[in-house]
Structures are given as C-alpha cells and as structure tokens.
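For reference, the sequence and a predicted model appear below.
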Amino acid sequence: MGPTGSEPSPSRSEPAGPGEAAPAAPGEAAPAAPGEAAPAAPGTAHGIGSHGGRALADEPTSPAGGDDSVIVHRPGYPSRRLETVPGIGGERPARDPAALAREAAERLRAHAWHPDGATEDTSDLERVAALAADPATRLWVDMLDPSRSLVAEVAAALGIHPLVAEDIAERGQRPKLELTGDVAHIVVYALAYDGGVGVTPSEIDLVLGHRFVLTAHEAAWDPLEAHQLRGGAGPLLAVGPDYLAWALIDSLVDSYFPIFDGIDEDIDTLEDEVIAKSDKESLARLFELKRALVEIRHVVSPMREVFNQLTNRELSLIQPETTLYFRDVYDHLIRLNDELDSYRELASGILDVYLSTINNNLSLIMKRLTGVTVILAGIGAVGGLFGMSEARNILGGQDAQGFWIVVGAVLVFAGLVAVFLRRIDWI
C-alpha cells in the first residue's frame, strides 16, 4: 500500500470531466476539446504515389469527416475501400511555385462556366483552385503532357484521389473505367496512322466529376479541334460536365473512321500487289499492316467494354439524357470492332494468297525444269547408246553417213518434244 498523499501513477488515466477532452493514449494524437478541430495524425498526409492517408490542408477531405477511405469501383471486380496507410507516400512532390506557375502558363488551360452564363479562361493555378471551390461553377481543366508536380497540384485543387493522379502522371494505362470516390477515371487513346510507319497511340486521361472535367494528354491530340467545341466549351459546360466529356470522346472516336478507311485502301492495294507479284516488299508491308491491326485492337476493343459500363450502369455523374449520347459512341465502337475483325480476316487472307502464289510460282518453275530435263534426257540417252556402239567407226572415218543420220534424228526428236511442252505451257 502506497504512502498517504502520493501522486497517482502516470500510466493510468482518469476520466475526463465535463467539457474536457479525454487524454490520448500513448502513440496517439490528442483528441480535440469541444469546439476545436481535431489535429491530424502525424505522418498520414498523402500525395502522388501514396496508397491512402489523411488529406493535406489544401486537399478536401472525405464527406465522412475523419474517414479518409475511398470506395473504388472497377468494372468486373468487387468494390473495395482504400484505407489509410500511414507512412506510405506521406510527402507530395517538391513544390516550386515559380516553376509550377511557368509550367501552368504553358501546359494548362482551364475553361469555367458561371451560373450567369459568363465564361472564363485561365492558366493560373490559384484561380483554378478558386473556381474549383465555387460550388456553382463548372470547370474544364486541360493539361498538355503535364509533370508530376502539376498533376498533383491540379488533383489537389479538384479533390481527386492521389491514386488517380498517380495513374495520370505515370501514363501507360490500359483503356479503362475506374470509379474512385465520386469521380470517374476514363482512359482512352488517340490514334495516328501512317501506312509506312504504322499506328501511333497516344494516351488520354479523362477524369469526370460532378462539377468538373479534367483531361491530360500528349501533343498528338488537341481537344479544341473537336467539331463540338467550335462554339467554345461554355455551351457544353452549361449542359453539364458529362456532356463535355461525351463531346470530347465522341470526337475522338469519330477520328478513328478515317484511319479505318486508310487501312481499307491499304488492304485493297496490297491484295492487287500480291496477286501481281509476290516479293519481299509485299510481305513486309503485309506484316506491318497486321501489326497495326493488332495495336488498334488493343485500343478499340477495351474501349467498347468501357462504354458498355458507362451506358449500362446507373452513375450519378452522368445525366440520363447524356447516357443516350454515350450509347451512340458505344454503337460506333461496336461498328469499329466489327470492321476491325473484317480487316484482320482480309489480312490473313492476303497472307494465304501470298503463300499460294509462291507455291504456284514454284510449281511453274518445277514444270519448266521438268520439260528441259525431258529434252536433255532424250538427247543424252540416244547420244550414250550411239557413242558406245558407233563411236569407234565414226572417229576412224569409216561411217560418216550414219553419224549425221543419228545426229539429225536426235535434233528432230528434241525439237518435237520442245514444241509439245510449249503447247502445254511447261516451258
């Protein structure tokens, strides 16, 4: 029993009195007193490359207020929750405001629509963050080949999860649709086709939110060339961000059709060349064409599944009226996939024609060699028999008349055989 008046052991905690915050356990952050904000747990801030964690001061937190987990929906897989993982990716990329401002001026375009119908264009990151924070403003942010730091800043301003920002920064994603929190990350590809070079794909990342659209792409694709954007982005944003997303993707899919027309013409030309002459150049062009068809299939075929999910699932990000437009894009992709299958069959048929032509040429050569062999074999047989029986007399000058008779008969026989083989197209 301890002495009277001794202090209580520090390892034990006493209940908090009314209006007081309970003391924190060892290794935990102290809870906030009533009316005060709870302090963030140390080492849980996240950035690009993180797998969860508490948001930074300039990043919005989850609506749950203290729960940093995010529900991720991926078509074909069960939904999963991204939980907080302290100590992983706890730092955002180094931030140089001056460098970011210069890069944003060159590589960032933001188009805003205000409820009064006014539109605004800017490349200033602070203004983009202010527009994103306005609940009545609709925003389209377009980034041209952005750096990791620029992606991080824009994602933080729009409230996009760092895992989505990481996918945008790293690139090399497959065509997909992934729902992370309350945004949809759509990955599609632009295609450029040159018959001599092949297909050059260019990744386009599109993030759709309730009030914004974010696009990140390379210089090979310019979204402002879309025919739906001739009147600017304002009218499309007035209808909704989902309508703008449809306009961008519809223009992208429409750009596939001239490529398919060029492939169709190349297939027709190659068929004529293979039938006329089967050489190594024709074979090389055929394999380049087949390689291009495989690359196009890797882009177009998964996109069909992406838009199948967009049109057959009830998503709060897409209005029912806009779903009809996405369904039209889905129909175009079905048509493109059917044409692609036809082109692949035609390319395989050209290869079969090439091999058949090579075999036919080989058979023709064998026939001609056989005809020449028949002629020479007849001459050789008669000459051999004649040489064994009459050579001595002929060389001695005893029988000159018989020699010329045999020689003439052999030449007449060879000529008759040659005429016959010529008539049956063997020589």
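It's in.

residues near residue 264, how many?
When counting by other C-beta atoms under 10 Å, one arrives at 14 neighbours for residue 264. For every residue, glycine as well, the C-beta is placed using N, CA and C.

Please disregard the earlier target; I meant residue 238.
Residue 238, neighbours per other C-beta under 10 Å, totals 15.

Can you check the pLDDT for it?
Per-residue pLDDT puts residue 238 at 94.

give me the element it is part of.
In the assignment (DSSP states H and E), residue 238 maps to helix 234-239.

Quick one: distance of that helix to the chain centre.
Computed by C-alpha atoms, centre = their mean, to the nearest Å, the chain-centroid distance of helix 234-239 equals 28 Å.

cool, and stretch 246-255?
Worked out by C-alpha atoms, centre = their mean, stretch 246-255 lies 15 Å from the chain centre.

Quick check: buried residues in that stretch?
Within stretch 246-255, the residues scored as buried using 16 or more other C-beta atoms under 10 Å are 246-253.

Just send the residues you listed back as TSV, with distance to residue 424 too.
Formatted as TSV, the buried residues of stretch 246-255 follow (distance: C-beta to C-beta, whole Å):
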residue	distance to residue 424
246	67
247	68
248	66
249	63
250	63
251	62
252	60
253	57
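
Give me the subset of those residues lying in helices.
Residues of the buried residues of stretch 246-255 located in helices (DSSP state H): 246-253.

ok, so of those residues, who is nearest residue 100?
Residue 100 lies nearest to residue 248 out of those, by C-beta to C-beta, at 25.1 Å.

ok, now which ones touch the closest one?
Counting by C-beta atoms under 8 Å, 6 or more residues apart in numbering, residue 248 touches 206, 213, 215, 223, 226, 228.

what about the first one, which SS state?
Which is residue 206. Following DSSP: H, G, I helix; E, B strand; the rest coil, we place residue 206 in the strand state.

for it, what are its contacts?
185-188, 213-215, 245, 248-249.

Helices along the stretch 201-350 of the chain, start to end?
Under the criterion DSSP state H, counting those that start in this stretch, helices of the stretch 201-350 of the chain are mapped to 234-239, 241-254, 256-276, 280-312, 320-395.

most neighbours per residue, which of these?
Ranked by mean neighbour count, the helices of the stretch 201-350 of the chain are led by helix 241-254 with a mean of 22 (mean count of other C-beta atoms under 10 Å).

looking at the chain, which helix or strand does the model trust least?
When each helix and strand of the chain is scored by mean pLDDT, DSSP states H and E, strand 80-82 comes last, with a mean of 52.

re earlier: just put the contacts of residue 248 in TSV and tack on pLDDT.
Formatted as TSV, these follow (pLDDT from 0 to 100):
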residue	pLDDT
206	96
213	96
215	96
223	92
226	88
228	88
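
Distance to residue 141 for those - can I get that in JSON lines?
Output for these, formatted as JSON lines (distance: C-beta to C-beta, whole Å):
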{"residue": "206", "distance to residue 141": "11"}
{"residue": "213", "distance to residue 141": "7"}
{"residue": "215", "distance to residue 141": "7"}
{"residue": "223", "distance to residue 141": "11"}
{"residue": "226", "distance to residue 141": "16"}
{"residue": "228", "distance to residue 141": "18"}
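
quick one: which of those is most hemmed in?
Neighbour tally across the contacts of residue 248 (other C-beta under 10 Å): the maximum, 27 neighbours, falls on residue 213.

Tell me the bridge partners for that residue.
Counting by DSSP bridges, residue 213 is bridged to residue 140, residue 208.

Next one: it from residue 194, what distance?
31 Å (C-beta to C-beta, to the nearest Å).

One more: residue 153?
Computed as C-beta to C-beta, the residue 153 to residue 194 distance reads 36 Å.

neighbour-wise, which of these two wins?
residue 153 (26 against 11).

and the more buried one, what helix or strand is that in?
Short version: residue 153 belongs to helix 148-158, going by DSSP H and E.

can I assume residue 178 sits in a strand?
Yes - per three-state DSSP, residue 178 lies within a strand segment.

okay, now it: neighbour count?
Applying other C-beta under 10 Å, we find 20 residues neighbouring residue 178.

Not counting sequence-adjacent ones, nearest residue to it?
The shortest distance from residue 178 to any non-neighbouring residue, by C-beta to C-beta, 6 or more residues apart in numbering, is to residue 185 (4.7 Å).

Was I right to think the one you found contacts residue 167?
Yes - in this structure residue 185 lies within contact range of residue 167 using C-beta atoms under 8 Å: 6.7 Å.

tell me, what's touching the two both at once?
Common neighbours of residue 185 and residue 167, counting by C-beta under 8 Å, 6+ apart, are residue 205.

any chance of the contacts of residue 206 in CSV, plus distance to residue 162?
Listed next are the contacts of residue 206 as CSV, based on distance: C-beta to C-beta, whole Å:
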residue, distance to residue 162
185, 12
186, 18
187, 17
188, 22
213, 19
214, 14
215, 18
245, 22
248, 24
249, 25
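
Now flag whichever of the contacts of residue 248 is closest to residue 369.
residue 226 (62.8 Å).

so what's that closest one up against?
247-248, 250-252.

got the residues you listed as a markdown table, with pLDDT and distance to residue 373 columns?
Compiled in a markdown table, these are given as follows (pLDDT from 0 to 100; distance: C-beta to C-beta, whole Å):
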| residue | pLDDT | distance to residue 373 |
| --- | --- | --- |
| 247 | 94 | 72 |
| 248 | 95 | 70 |
| 250 | 94 | 67 |
| 251 | 93 | 66 |
| 252 | 94 | 63 |
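
any idea how far the spatially closest residue to residue 246 that is not a sequence neighbour lies from residue 244?
Of all residues not flanking residue 246 in the chain, residue 325 sits nearest, at 4.6 Å (C-beta to C-beta, 6+ apart). Remark: distance between residue 325 and residue 244 (C-beta to C-beta) = 11 Å.

picking up where we left off before, check contacts around the residue nearest to residue 178.
164, 167-168, 176-179, 205-207.

quick one: which of the helices of the stretch 201-350 of the chain is nearest residue 138?
That would be, of the helices of the stretch 201-350 of the chain and by C-beta to C-beta, helix 234-239, which comes in at 4.4 Å.

helices and strands around that closest one, which ones?
Packing partners of helix 234-239 (3 or more C-beta pairs under 8 Å, 6 or more residues apart in numbering; DSSP states H and E): strand 108-113, strand 138-144, helix 241-254.

Tell me which helix or strand comes right after the first one.
This means strand 108-113. With secondary structure assigned by DSSP H and E, strand 108-113 is succeeded by strand 119-122.

Good, wrapping up.
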